[in-house]
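1. with the input below, show me the fold.
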Amino acid sequence: MVRSSAAFAIALVTLACGPTEPGALCRARPPFTPATEANAVPVLLRFDNQLGPRFRAESLCITIDDQTVPFTGPQEEEAMAAFEHHKLLEVRAPLRAGVPHKVHVVATFHGVGADVSTYTFTLQSEHRLEGEGFRPGVLRCNFIELPEHDLERRPAVKWVDPSVPAQ
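-> Numbers count the residues shown, from 1 in each chain. From the prediction side, this is the model:
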């Protein structure tokens, strides 16, 4: 079965409203081990909180190939504080060349303001990087707001993959 790389560029996004604990996903996985081979592909993962001021980031869990991208102590607090204030969160991830990889994110946002303060949004998204044609670059995971949707479906995830040609 032949699949185009564009098919893998589509993010699978689910949205749930209510109390969740995405940190459990991260705690249940082993820590990420970067590739050390000479032909490892250097990838910079950028997580960009482009949601408006009505959504405050509460947690972020990143896994690569079912391994948790670790944050420790003050680094986690600094990273989340920056992410919450709409600053880029960057992760350098040397990955094995020639094999597919899976990047998975779970982020929780809480509504801010009288009309949305009772909402908690958990976004989950997975992006597959194909082994063939996989090249160095910046993989962006943008948390965006879709103003044309109802409030429950407004937060979303958009992936921008350097290995997939723009359409």
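
2. okay, now the closest residue to Phe32 other than its chain neighbours: neighbour count?
-> Spatially, and ignoring its direct neighbours in sequence, Phe32 is nearest to Gln67 (4.2 Å; CB to CB, 6 or more residues apart in numbering). For every residue, glycine as well, the C-beta is placed using N, CA and C. Gln67 has 14 neighbours, counted by other CB atoms under 10 Å.

3. separation between Arg96 and Asn49?
-> Distance, Arg96 to Asn49, using CB to CB, to the nearest Å: 29 Å.

4. oops, could you answer that again for Phe83 instead?
-> From Phe83 across to Asn49, the span is 5 Å (CB to CB).

5. between the two, who's got more neighbours?
-> Asn49 (23 against 19).

6. now do the contacts for that one.
-> Asn49 is in contact with 57, 83-84, 86-87, 89, 143, counting by CB atoms under 8 Å, 6 or more residues apart in numbering.

7. hmm, 10 Å instead?
-> 55-57, 60, 82-89, 107, 109, 141-144 (CB atoms under 10 Å, 6 or more residues apart in numbering).

8. quick check on the residues you listed: which are buried?
-> 55-57, 60, 83-84, 89, 107, 109, 141-144 (16 or more other CB atoms under 10 Å).

9. determine how far the longest helix seen in the chain lies from the middle of the whole chain.
-> When the chain is parsed with DSSP state H, its longest helix is helix 73-84. Taking CA atoms, centre = their mean, to the nearest Å, the mean C-alpha location of helix 73-84 is offset from the chain mean by 15 Å.

10. repeat for stretch 113-133
-> On CA atoms, centre = their mean, the centre of stretch 113-133 falls 7 Å from that of its chain.

11. check Asp115 and give its pLDDT.
-> Among the per-residue scores, Asp115 holds a pLDDT of 80.

12. make sure I have this right: it is in a helix.
-> No. Checked against DSSP: H, G, I helix; E, B strand; the rest coil, Asp115 lies outside a helix; its state is coil.

13. what's near enough to touch it?
-> So Asp115 contacts 54, 151 (CB under 10 Å, 6+ apart).

14. which phi and psi does it have?
-> phi -80, psi -20 (degrees, to the nearest 10).
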